[in-house]
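>>> sequence plus the predicted model coming up.
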Amino acid sequence: MRIQIINGPNLNLLGVREPEIYGKKAWADYLKDLRTRFPQVRIDYYQSNLEGEIINKIQEVGFDRDGIVLNAGAYTHTSVAILDALKSVSTPAVEVHISNVHQREEFRRKSLISPGCLGVICGFGLDSYRLAIEALIDKASCESEE
Ligand code: DQA
């Protein structure tokens, strides 16, 4: 199984950026933990601060991975183009957020990309990514039983 994690703008600063919201753990350490936890899954990782690069990555991986875990950061709330990219590919995507966006400012409560995703996980800190991977693994194993 092969899963692509895509992190959007400012998520390269995890561990440093607003630690009271996003935590103190560096992403590289968390990614290592994830890969150890799911030895049966090849977890590819990509981060970009640029909307078009995120779209290019979705198009590049969107027909041959088993799942995409996407934290589009602030583009979640603004990007019709990322929604369209998700709808254009066949790989299922799970939208994740580290923080509980519904407990924050009003503008974070609206996601433009959710309609292009299988589901949404938010508010569990970095553990949101693990939960998304579990969901994709479960979905793949249900489909292989059908
Ligand atoms: C975020 C929530 C977004 O509103 C914000 O712009 C981010 C991170 C999260 O993971 O909680 O950059 O996606």
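Ah, there it is. Numbering: from 1, shown residues only.

>>> helices along this protein, start to end?
Using DSSP state H, the helices found in the chain span residues 19-22, 27-37, 51-61, 80-88, 127-145.

>>> which one of those helices lies nearest to Arg2?
Comparing those against Arg2 with CB to CB, the closest turns out to be helix 51-61 (8.8 Å). Heads up, the C-betas are built off the backbone N, CA and C, glycines and all.

>>> who are the neighbours in contact with the nearest residue to Asn49 once chain neighbours are set aside?
Spatial nearest neighbour of Asn49, chain neighbours left out: Pro9 (4.4 Å); criterion: CB to CB, 6 or more residues apart in numbering. Pro9 makes contact with 48-50, 73-75, according to CB atoms under 8 Å, 6 or more residues apart in numbering.

>>> can I get the helices of the chain in a markdown table with mean pLDDT, mean neighbour count and distance to the ligand?
Output for the helices of the chain, formatted as a markdown table (pLDDT from 0 to 100; neighbours: other CB atoms under 10 Å; distance: least, CB to the nearest ligand atom, whole Å):
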| stretch | mean pLDDT | mean neighbour count | distance to the ligand |
| --- | --- | --- | --- |
| helix 19-22 | 95 | 12 | 7 |
| helix 27-37 | 97 | 14 | 12 |
| helix 51-61 | 98 | 17 | 12 |
| helix 80-88 | 98 | 17 | 12 |
| helix 127-145 | 93 | 16 | 7 |
